[in-house]
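# Turn this into a model:
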Amino acid sequence: MTTPQPAQSAGDAAAREAGFIDRRARIEFAAMCFAAFLFSVTHNYSALLAIVFDNNGHSLQATGLLLSLFAIPCIAGALLSSAACARLGVLNTARIAFLLTALGMGAFAFTRDDFWLALASRVIQGFGVGAAMPAGLVYVQSRITPKRFVYFVTVYSAVIPLAAAFAPPLGEWTMKRFGETALFIEAAIPSVLAIAFTFGLRDATRPRNTGGLNLGNAFQRRLLLPYIVIFAGGGLYGFSVNYLAADLHQRNFALAAFFVPSSIALIAIRFVGMRALARFSPRILVTAGLFSYGLGYLLIVLAQDSMVMGVGAAFFGFGNSVMFPVVSAWVVEGLEPRDRAGPQAVNTASFYTAIYALPWPQAFIIGAWGYAAAEWIWVAVAAALGAYLSMRLALKQMK
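Numbers count the residues shown, from 1 in each chain. Okay, here's the model as predicted:
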């Protein structure tokens, strides 16, 4: 009767050596990664919303407003996630977030042609998307040890944009052959399935309940710079989510010309390259990511054929691969697991603010000067912030 115990202890020891708290945590980490991927497949159908809104008679400004107002519930969901994790549990918060995302996206099958009904769908979707990432991060960080913390946070974060390789091309195919109603019904299904993958998992320890939004120590002065960086990263990534599909459509590029190579680059870095890159400090990785983003946008705006677009997409994918996961590890440096929910909530809120609040002002830029003008602005932002971080690193080396 006692023979299984040594095997269990050996399994736990092997798991701890690999970077997990015990053997079961390895499976739980993988399950949450797959659930997050399914959630993200649903959300990445949003890349087609600009096209759908245009097809249904919404003006460019109205489309920009629908895309940007998503920021309000998304940011609210992110900021409320810490309190929800403390009161409802981390897994329950993630499940609710997945469900709201599915309901919001599926509702577009019936609401897409009316501004106010479409806005209501975006609000529901936004609360789900906002809460999903911080809750998922708090959960997976509870399954791993400090030994390979940055690497496994990066692996988990890889599954979110990975869905961009599948959802937009698949959605484009479905929309062309079966119409927009089928598109949104199809979009909701993966996030519903994501909920099923969370059952049977042990819950994480609930964050400390400090009252209110439960943000705790999220507003330390040292966190200001990473919050600014992640805001810029959100804007750089957000243009691809909100407008790049429409730009490619206008320039007669297949969506796969960008979304497939960018996702391949992201996967290669996060699953393979990050094993070596994790030895560098977050500041160095983020600086490299910003310069890569800038070069990617430069090639995207200049591209006249799929080869140049693909190379630009690969540089974009590298920048995207390091930005969110590395900054997410940066903001929780030195914090106990129960103290991480607040900084992760604000970090995610900063990221989502840029992704979803900027499309509306960008709509005016696009309307006046075209998509290329907005892309040139992102080239400049990435280069300027990358240069600033480089200067800070150089000054630190000189001291």
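
# residues in contact with Gly233?
Shown in contact with Gly233 (C-beta atoms under 8 Å, 6 or more residues apart in numbering): Gly289, Leu290, Tyr293, Gly319, Met323, Phe324, Val327, Phe351, Ala354. The way it works is simple: take the backbone N, C-alpha and C, and place the C-beta from them, glycine included.

# again, 6 Å this time
Contact analysis of Gly233 by C-beta atoms under 6 Å, 6 or more residues apart in numbering lists Met323.

# Please apply the same query to Phe184.
Gly106, Phe108, Ala109.

# roughly how far apart are it and Arg177?
14 Å (C-beta to C-beta, to the nearest Å).

# Likewise for Leu244?
From Leu244 over to Arg177 (counting by C-beta to C-beta), the distance is 23 Å.

# Likewise for Ser142?
Applying C-beta to C-beta, the value for Ser142 to Arg177 is 43 Å.

# who's more crowded, these two?
Ser142 (21 against 9; other C-beta atoms under 10 Å).

# Which strand or helix spans that one?
Secondary-structure assignment from DSSP states H and E places Ser142 in helix 115-143.

# and the following helix or strand past that helix, what other elements does it pack with?
Under the assignment DSSP H and E, the closest C-terminal helix or strand after helix 115-143 is helix 149-162. Here helix 149-162 touches helix 23-44, helix 306-331, going by 3 or more C-beta pairs under 6 Å, 6 or more residues apart in numbering; DSSP states H and E.

# Just want the angle from helix 149-162 to helix 23-44.
Interaxial angle, helix 149-162 versus helix 23-44 (axes from the mean of the first three to the mean of the last three C-alpha atoms, to 10 degrees): 30 degrees.

# which residues are in contact with helix 149-162?
For helix 149-162, the external contacting residues (C-beta under 6 Å, 6+ apart) are 19, 33, 36-37, 40, 140, 144, 263, 266, 270, 274, 278, 320, 324-325, 328-329.

# Spatially nearest residue to Val241 (excluding sequence neighbours)?
Nearest non-adjacent residue to Val241, counting by C-beta to C-beta, 6 or more residues apart in numbering: Ala47, 5.8 Å away.

# ok, the one you found - contacts?
Per C-beta under 6 Å, 6+ apart, neighbours of Ala47: Pro168, Val241, Ala245.

# which of these has the most neighbours?
In terms of neighbour count, Pro168 stands highest of those at 27 neighbours, by other C-beta under 10 Å.

# surely that residue meets Leu255?
Yes. If you go by C-beta atoms under 6 Å, Pro168 and Leu255 touch, sitting 5.0 Å apart.

# in stretch 298-313, what's buried?
Buried residues in stretch 298-313, counted by 16 or more other C-beta atoms under 10 Å: Leu298, Leu299, Ile300, Val301, Ala303, Met309, Gly310, Val311, Gly312, Ala313.
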